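Participant: Give me coordinates for this.
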Amino acid sequence: MNKKLRSLFQIIVLCLGIFIQPFVALTKVHATEYNDVITSVSVENKSGNPLTQGLDIWQEFRLSANFTLPDNKVHAGDTTTLRLPSEIAFSNSSDIELRDGDGNLVATGSLDAASKTITLTYTNFVENKSGVHGKFFVYVRIDHDVVTEGKEVNVNVTVGHNVLFAGKVRYNGPPGQYDSKIEKSSFQYEKDEKNVIRYNITVNRNMENYRDVTITDKFTTPNMQFLPDTFKIYKVNWRWNNGDWKYEVLEDSTNTFKGKLVPNATGDGFTLPLGDTTGFGYMIEYRAKANYDLVDGELITNKANMNYNGGLTDQSTSTRAYQIAGGVAEGYVFTINIHKVDEAGQPLQGAKFEVVRDRNQAVVGTLTTGADGNASVNQLLRDSYTIREIEAPAGYDKLTTEIKINPTDFGTDKAVTREVQNRKTPPSTKKITFSKVNLGGTEIADAKIKIFKGETAEGNPVQSWTSEAGKSKELDLEPGTYTFHEEAAPTGYLKVTDITFTVNSDGTVTVTKVGEKDSKGEDNKVVANGSTLKVTDKDDDLPRKITFSKVNLGGTEIADAKIKIFKGDKAEGNPVESWTSEAGKSKELDLTPGTYTFHEEAAPTGYLKVTDITFTVNHDGTVTVTKVGEKDSKGEDNKVEAKGSTLKITDKDDDLPRKITFSKVNLGGTEIADAKIQIFKGETAEGNPVQSWTSEAG
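Facilitator: Numbering: from 1, shown residues only. Take a look at the predicted model:
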């Protein structure tokens, strides 16, 4: 049995020169054989190029022949016969057809594998034309039953009494026996209907003992259908013979296994449990059919797996190039090129296309355009295709119409190029939510915010607003880059530095630059989540410069007032600051916003100390007196003035009366009576006395 069964006969008419001649009616009595019409023969590889490498067993190559028919001599029914040398065999014995470029039948060809002959029988086409010439080829191989060792083989083709030399080929010889648990092969049979391929699966050529053998078979080419009614299986003995596996049928096991055969739900394969193979093997045969018309050279791939011995697996793959008798079989050599441009004709990168073969709806390629706007998919058959754009370049509308490619669109370079234009997507706004919160996450009021287009807060803002308590702000913004600028923070909060963010085409927002450090030397606190940008204003607890001025009633800074500043509205606990005033100097302190108490521990000599004064350091750096204090020793209000960031406290003169005792005595120190006494203000006894009295004894 062949290790691999090869492809169908293939033939090409490369050229057929035709000249119209007047019709001459001739009477044919019998067919004539024309064996001098073959002008040359040659050997080529499967692609039609020079054969430069040696051939393995079962390996195909081409035998090509050129012919020229004599004018007005050859008639319908006449023949030409070519005989292969004994060392060469046909890969397949399908009948062939020779047609001209318009599809007219020139001759039919019959291949006889036993006699190794090709017999061409001409049609009446040749009777009405002159200058008929052309070229055809067939697929052949080394007949390894004749050539049993590696050697050079002269390929001499006999045509009538003429022997034409086609060239030499090198046969590499039969391979050594190899491990063969499972092998998959395929071939076409001339009597099968269109689009049918036959498959063989050989099991256990090693003739070993394998347990729990299961065969799974599946097509990787879409739209191929397993035909269960064609399934056959034979129990066989395998043996190795001169580079090939031969077998002897022990029994037809088809009926035994037909009930165990499980076709795939999609019909593209099957599963077959074989059980144990103890010193014997199997030959499995079946057919498959495409549910569309296959074309010349189309590759059909099928994989068979053998699972055995509790989890071991071997695999064999068959890839067949489908051939149609008389077809050209150009193969997978065609290319589709896409050139993507914008409305100005400039290349566009990032367009993604899907290429679908119409015949079987298989996706044969997914391609993305590069910076030059180009993308290609190659190794295609000459066939009809549909191109769909599945993703447009960023910022452009996706193409909604399909691009159709027909077989005739492929040029002599076997390629077709389509230029595809995309229109720029009109700007579409996205709803973006801005949330201005404090550290507790609560929406705060009175933040003055502006949104600028671009990476800087320059030009006119696209939006501006003042935040409201408990409310976020929703804006409609086009995709792009923006700057969040806080013109002013609410009282008690630090404003953030400028934040750069991007509105994405999917409506989400991304922070691209968190901004410079804030007044505290810290990063802004900003979070992007979906379509929401949440910006946090931190508490403004930075110290402010506050000036304290201790003056007398004349407004002059006085010395020796002992002063303490307490946090809160009482002079309790530890003071935050304390100092003694100096003549002609005020005192500057750094105080954070809040409420404080001014406490004068002691006034300078000659002055009355003030009572405790409560004041507030505001966030704008100003100071406000919130409680002027209790009445002073004179029963008057403290004299205190807040102006800007300065608190001016006045110590009044200490001119309260003191108790003074006057003692009028004699030399003995005894209080005496009737002394009339007057006390005048000043250094002279002028004016009205401030007091007068008469002393009393004792």
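Participant: what helices or strands is the helix or strand E588 falls within leaning on?
Facilitator: Using DSSP states H and E, E588 sits within strand 587-591. Here strand 587-591 touches strand 544-552, strand 562-567, strand 577-580, going by 3 or more C-beta pairs under 8 Å, 6 or more residues apart in numbering; DSSP states H and E. For glycine as for every other residue, the C-beta is placed from the backbone atoms N, C-alpha and C.
Participant: Sort out which residues of it are buried, please.
Facilitator: K587, L589, L591 (16 or more other C-beta atoms under 10 Å).
Participant: try stretch 123-136
Facilitator: So stretch 123-136, judged by 16+ other C-beta under 10 Å, has buried residues T123, F125, V126, E127, K129, V132, H133, G134, K135, F136.
Participant: What of stretch 340-352?
Facilitator: Buried positions in stretch 340-352, judged by neighbour count with 16+ other C-beta under 10 Å: K340, V341, D342, P347, L348, G350, A351, K352.
Participant: export these to JSON lines and tack on secondary structure?
Facilitator: What follows is the buried residues of stretch 340-352, written out as JSON lines (DSSP: H, G, I helix; E, B strand; the rest coil):
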{"residue": "K340", "secondary structure": "strand"}
{"residue": "V341", "secondary structure": "strand"}
{"residue": "D342", "secondary structure": "coil"}
{"residue": "P347", "secondary structure": "strand"}
{"residue": "L348", "secondary structure": "coil"}
{"residue": "G350", "secondary structure": "coil"}
{"residue": "A351", "secondary structure": "coil"}
{"residue": "K352", "secondary structure": "strand"}
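Participant: nearest to T202, of these?
Facilitator: Of all these, T202 sits closest to K352, with 43.5 Å by C-beta to C-beta.
Participant: which non-adjacent residue is nearest that closest one?
Facilitator: E391 (3.8 Å; C-beta to C-beta, 6 or more residues apart in numbering).
Participant: burial count for that neighbour?
Facilitator: 13 (other C-beta atoms under 10 Å).
Participant: for the one 3 residues further on, same thing?
Facilitator: When neighbours are counted by other C-beta under 10 Å, A394 registers 11.
Participant: With K232 instead?
Facilitator: 15.
Participant: Kindly report the same for T202.
Facilitator: 23.
Participant: What's opposite it in the beta bridge?
Facilitator: On the basis of DSSP bridges, T202 is bridged to E183, M283.
Participant: returning to what we had before: for the strand holding E588, what is the distance to the chain centroid?
Facilitator: 60 Å (C-alpha atoms, centre = their mean, to the nearest Å).
Participant: relative to strand 544-552, how tilted is that strand?
Facilitator: 150 degrees (axes from the mean of the first three to the mean of the last three C-alpha atoms, to 10 degrees).
Participant: Touching strand 587-591 from outside, list them.
Facilitator: Residues from elsewhere that reach strand 587-591 (C-beta atoms under 8 Å, 6 or more residues apart in numbering): 543-550, 563, 565, 576-577, 579, 581, 617.
Participant: again, only using 10 Å
Facilitator: 542-550, 557, 561, 563, 565, 567, 576-577, 579-581, 596, 615, 617, 621, 623, 645-647 (C-beta atoms under 10 Å, 6 or more residues apart in numbering).
Participant: again with stretch 657-672
Facilitator: Contacts for stretch 657-672 (C-beta under 10 Å, 6+ apart): A673, D674, A675, I677, I679, Q691, W693, T694, S695, E696, A697, G698.
Participant: wait, what's in contact with the first one?
Facilitator: So the one you mean is A673. Contacts of A673 (C-beta under 10 Å, 6+ apart): K664, T694, S695, E696, A697, G698.
Participant: Taking the residues you listed, tell me the two that lie furthest apart.
Facilitator: Those two in the contacts of A673 that are separated most widely, counting by C-beta to C-beta, are T694 and G698, at 13.7 Å.
Participant: out of these two, which sits in the more crowded spot?
Facilitator: T694 (10 against 7).
Participant: per-residue confidence for the more buried one?
Facilitator: What the model reports as pLDDT for T694 is 90.
Participant: where's stretch 530-540 relative to the chain centroid, distance-wise?
Facilitator: 31 Å.
Participant: What about E60, how many residues nearby?
Facilitator: With other C-beta under 10 Å as criterion, E60 counts 20.
Participant: ugh, wrong one, K676
Facilitator: 8.
Participant: who's in contact with the closest residue in space to it that isn't next to it in sequence?
Facilitator: In this structure, K676 finds its nearest non-sequential neighbour in T694, 5.3 Å apart by C-beta to C-beta, 6+ apart. Contacts for T694 (C-beta under 10 Å, 6+ apart) come out as K664, A673, D674, A675, K676, I677.
Participant: thinking again about what came up before, just the buried residues of the contacts of stretch 657-672.
Facilitator: Buried, going by 16+ other C-beta under 10 Å: S695, out of those.
Participant: Now secondary structure too, for the contacts of stretch 657-672, in a markdown table please.
Facilitator: Shown next, in a markdown table, are the contacts of stretch 657-672 (three-state DSSP):
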| residue | secondary structure |
| --- | --- |
| A673 | coil |
| D674 | coil |
| A675 | coil |
| I677 | strand |
| I679 | strand |
| Q691 | strand |
| W693 | strand |
| T694 | strand |
| S695 | coil |
| E696 | coil |
| A697 | coil |
| G698 | coil |
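Participant: For N255, give me phi and psi.
Facilitator: phi -60, psi -30 (degrees, to the nearest 10).
Participant: Go ahead and name everything in contact with stretch 562-581.
Facilitator: By C-beta under 10 Å, 6+ apart, stretch 562-581 touches 546, 548-551, 557-561, 587, 589-592, 594-604, 609-610, 612-616, 626-627, 647, 649, 651.
Participant: Could you pick out the buried ones from those residues?
Facilitator: Applying 16+ other C-beta under 10 Å to the contacts of stretch 562-581 flags 546, 548-551, 557-558, 561, 587, 589, 591, 595-600, 603-604, 609-610, 612-616, 627, 647, 649, 651 as buried.
Participant: quick one: which of these sit in strands?
Facilitator: When these are checked against strands (DSSP state E), the matches are 546, 548-551, 587, 589, 591, 595-600, 613-616, 627, 647, 649, 651.
Participant: chain center to the longest strand seen in the chain: distance?
Facilitator: Counting residues, the longest strand found in the chain (DSSP E) is strand 224-241. Centroid separation for strand 224-241 versus its chain: 45 Å, with C-alpha atoms, centre = their mean.
Participant: Pop out the phi and psi values for the residue nearest to K352.
Facilitator: Residue torsions, per degrees, to the nearest 10, at E391 are phi -160, psi 120.
Participant: what does the model give it for pLDDT?
Facilitator: 94.
Participant: before we move on, what about R287?
Facilitator: Looking at R287, the pLDDT reads 97.
Participant: For A321, state which of the buried residues of stretch 340-352 is nearest.
Facilitator: K352 (30.5 Å).
Participant: what's near enough to touch that closest one?
Facilitator: Going by C-beta under 10 Å, 6+ apart, K352 touches 340, 366-369, 375, 388-393, 398.
Participant: Next step: those residues restricted to strands.
Facilitator: K340, T366, L367, T368, A375, R388, E389, I390, E391.
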